[in-house]
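> Quick check, what structure comes out for this input:
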Amino acid sequence: SYSSAKDANIMAVAAYQAFPDIFNVTSLPEIEIPSNSGITHKAPNTDTILTKVPNILFSKTGYTTLAGGNLTVIFKNKENHLIAVTMLGSTIEGRFSDMIKLISIL
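Predicted coordinates:
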């Protein structure tokens, strides 16, 4: 199946609006998950911009051969507006710096 950046934004916004408490965890640099045996597992987020860009509420990283490095974020801009942005066709590492450049002009 194929989707566009617009499709990814629509899905992200719908998911975030329907389940904000679940998707807020995607904006954390790391979470700790306790297992039934009492061991706590640390799960780092693969989105490296979370500590560099304020007000990110939703983050989804990805990579496919066709789409390249991709990243979708929902954040609040300086005017407190919610904005969804999807970056497709970058590299695995480049998607983060590309997103920072794009967000900085919004």
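> Show the backbone phi and psi for residue 15.
phi -60, psi -50 (degrees, to the nearest 10).
> Would you mind confirming that it makes contact with residue 23?
Yes: with contact taken as C-beta atoms under 8 Å, residue 15 and residue 23 are classed as touching, separated by 6.0 Å. In short, each C-beta sits where N, CA and C put it, glycine included.
> any residues in contact with both of those two?
Taking C-beta atoms under 8 Å, 6 or more residues apart in numbering as the criterion, residue 15 and residue 23 both touch residue 58.
> hey, where'd the strands end up in this protein?
Using DSSP state E, the strands of the chain run over 30-34, 40-44, 56-64, 68-76, 82-90.
> Figure out which of these is closest to residue 7.
The closest of the strands of the chain to residue 7 is strand 82-90. By C-beta to C-beta, the value is 8.5 Å.
> What helices and strands are in contact with the closest one?
Using 3 or more C-beta pairs under 8 Å, 6 or more residues apart in numbering; DSSP states H and E, the elements in contact with strand 82-90 are helix 5-18, strand 68-76, helix 94-104.
> Relative to that strand, what are the paired strands and their orientations?
Strands that pair with strand 82-90, judged by DSSP bridges, come out as strand 68-76 (antiparallel).
> coming back round to it: and among the helices and strands packed on strand 82-90, the most buried is which?
Highest mean neighbour count of the helices and strands packed on strand 82-90: strand 68-76, a mean of 21 (counted as mean count of other C-beta atoms under 10 Å).
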